[in-house]
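> Here's my sequence, what's the structure:
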Amino acid sequence: MENIDKNDSNNDANYLYEAGLNWSDDRYTPDIAARLIAIGNAYWLYIVGLYWPDSRYTSDIADALVVTEHEYWLFHAGLYWPDSRYTPDIAAALIATGDANYLYQAGLHWPDSRYTPDIAAALIATDDANYLYQAGLNRSDDRYTPDIASALIATGDANYLYYAGLYWPDSRYTPDIAAALIATGDTEYLHRAGRDWPDSRYTPDIAAALIAIGEKDWLYQAGRDWLAGKKKYVK
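Numbering: from 1, shown residues only. Sure, this is the predicted structure:
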């Protein structure tokens with residue numbers, strides 16, 4: 001859905017915003033805010049929430065932003081709006097979009113006062129292997145949950161299972177990740193795991209799986225690339 005063009009709905013919103021920001025009190029009217037709300041342009045609603053003075057801002061502006069369901073500006077409102085203008089409905093609306101990217105970004109960047117475990121649950125529900133992997137790699141311990149690893153495992157995505165085995169910290173890695181990689185039967189990533197994973201994460205089952213598949217090219221590359229000194233290579 002993402003479209004961050006500030007003029008994506010109606011250019012009139014630009015001038016309504018400027019009027020609300022710059023006109024004197026004797027020339028400003030609440031109808032300006034009402035018209036801007038009616039246009040429903042997420043960018044300008046976000047900017048109003050960021051910059052309009054308190055005397056002109058109303059909670060209807062936050063409500064209107066929520067209604068847009070625009071994940072980019074909902075995320076930014078949660079990140080940058082002052083506490084006096086932020087509402088938990090913004091988090092709820094972002095969660096409802098199901099956008100894995102901005103759910104991940106919210107878990108990474110939103111302040112504690114705005115973050116909720118429902119954001120992690122919504123990210124898990126996306127089944128997006130990329131952002132599940134990124135969450136396991138980058139989220140703080142107080143926002144990480146083992147359900148993220150379980151969800152990544154459930155995707156069966158060999159690429160991100162391999163990278164989790166390579167880069168996730170020990171506190172988040174589990175042997176179930178290796179088992180899930182083996183279950184994919186993906187010879188390229190089985191080979192890579194045998195070549196690149198540390199000894200603490202490598203298991204002989206990886207070699208056994210590669211052997212069982214029997215693809216000559218990857219067996220050849222394993223014989224060429226795997227390190228005998230790490231007891232990964234088998235004859």
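> Okay, buried residues for the lowest-mean-pLDDT helix or strand in the chain please.
Lowest by mean pLDDT, DSSP states H and E among the helices and strands of the chain is helix 216-225, with a mean of 93. Using 16 or more other Cβ atoms under 10 Å as the test for burial, helix 216-225 gives 218-219, 221-222. Bear in mind the C-beta positions are built from the backbone N, C-alpha and C, glycine included.
> Equivalent analysis for stretch 156-173, please.
Buried residues in stretch 156-173, defined by neighbour count with 16+ other Cβ under 10 Å: 157-165, 168, 172-173.
> before we move on, what about stretch 97-113?
Neighbour count says stretch 97-113 has 97, 99-107, 110 buried, by 16+ other Cβ under 10 Å.
> Export stretch 70-81 to PDB, keeping only CA atoms.
Coordinates of the C-alpha atoms in stretch 70-81 are reproduced here as PDB (Å, rounded to 0.1, in the frame of the first residue of the first chain):
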ATOM      1  CA  HIS A  70      -1.500   4.200   5.700                       C
ATOM      2  CA  GLU A  71       1.300   2.100   7.200                       C
ATOM      3  CA  TYR A  72       4.100   4.500   6.400                       C
ATOM      4  CA  TRP A  73       2.600   7.600   8.100                       C
ATOM      5  CA  LEU A  74       1.100   5.600  11.000                       C
ATOM      6  CA  PHE A  75       4.600   4.300  11.700                       C
ATOM      7  CA  HIS A  76       6.000   7.800  11.600                       C
ATOM      8  CA  ALA A  77       3.200   9.200  13.800                       C
ATOM      9  CA  GLY A  78       4.100   6.600  16.400                       C
ATOM     10  CA  LEU A  79       7.700   7.500  16.100                       C
ATOM     11  CA  TYR A  80       7.600  11.300  16.100                       C
ATOM     12  CA  TRP A  81       4.300  12.700  17.300                       C
END
